[in-house]
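K.L.:
requesting a structural model of the entry that follows:
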Amino acid sequence: MNRSFLLLSVLLSCSIQADAVLDVRKPWVRAMPPGVAMTAGYMVLTNRVNEQLTISGVSTSAARHAEIHHTELKQGLSSMRESGDIVLEPGQGLELRPGGTHLMLMGIADRLAEGDMIEVVIQFADDTQQTVGMPVLRKAPGE
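P.N.:
A predicted model of the protein is given here:
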């Protein structure tokens, strides 16, 4: 894979859109092994406006269903649950990371391989949205 192309893709996907309400850093989606129809995505989000933001959902054309999940540990067992609405105060951040809150992409028809790029739409409670470009990687950027 061309590392320069991948680096440029990551940098472009991290740039702040003029009308963006969220600052998005380090977006990436985990490459899928053969035979698996789901994967996870990660990024760091920060509310960059002077008002409360409510993230009400996510979507992507790369998967039939997308949700933000959080991992819970109860009595030594780990499970995932949909997060529901996520409220971010001005300046507040949220890290979507492995083992914690993360993006779940389910029902993927065409396997996402390293080097692919997808778009994820973050939906807000006020019916606005923000699109995020996410490169598909085998491991987190910088690992």
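
K.L.:
so residue 64 touches residue 106, yeah?
P.N.:
Yes: using CB atoms under 8 Å, residue 64 makes contact with residue 106 at a distance of 6.7 Å. Heads up, the C-betas are built off the backbone N, CA and C, glycines and all.

K.L.:
hey, what's the spatially closest residue to residue 130 that is not a sequence neighbour bridged with?
P.N.:
Nearest residue to residue 130 in three dimensions, chain neighbours excluded: residue 122, at 4.9 Å (CB to CB, 6 or more residues apart in numbering). Counting by DSSP bridges, residue 122 forms beta bridges with residue 58, residue 130.

K.L.:
so what's residue 122 up against?
P.N.:
Contact partners of residue 122, counting by CB atoms under 8 Å, 6 or more residues apart in numbering, are 22, 45, 55, 58, 129, 130, 131, 132.

K.L.:
secondary structure class for the spatially closest residue to the first one that is not a sequence neighbour?
P.N.:
Read it as residue 22. Nearest non-adjacent residue to residue 22, counting by CB to CB, 6+ apart: residue 45, 5.0 Å away. What DSSP: H, G, I helix; E, B strand; the rest coil gives for residue 45 is strand.

K.L.:
one step back: dump the contacts of residue 122 to CSV, plus distance to residue 29 and neighbour count.
P.N.:
Below are the contacts of residue 122 laid out as CSV (distance: CB to CB, whole Å; neighbours: other CB atoms under 10 Å):
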residue, distance to residue 29, neighbour count
22, 17, 23
45, 15, 24
55, 18, 22
58, 12, 21
129, 18, 15
130, 17, 18
131, 14, 14
132, 10, 22
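
K.L.:
what comes into contact with stretch 96-104?
P.N.:
Against stretch 96-104 from outside (CB under 8 Å, 6+ apart): 29, 38, 40-45, 58, 66-71, 80, 83, 94-95, 120, 140.

K.L.:
what segments of the protein are helices?
P.N.:
Assigned by DSSP state H, the chain shows helices spanning 3-14.

K.L.:
where exactly do the strands run in it?
P.N.:
22-30, 38-47, 53-59, 65-74, 77-82, 86-88, 93-96, 102-106, 117-124, 129-137 (DSSP state E).

K.L.:
can you redo these as TSV with mean pLDDT?
P.N.:
Putting these into TSV (pLDDT from 0 to 100) gives the following:
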stretch	mean pLDDT
strand 22-30	96
strand 38-47	97
strand 53-59	97
strand 65-74	89
strand 77-82	81
strand 86-88	97
strand 93-96	97
strand 102-106	96
strand 117-124	97
strand 129-137	97
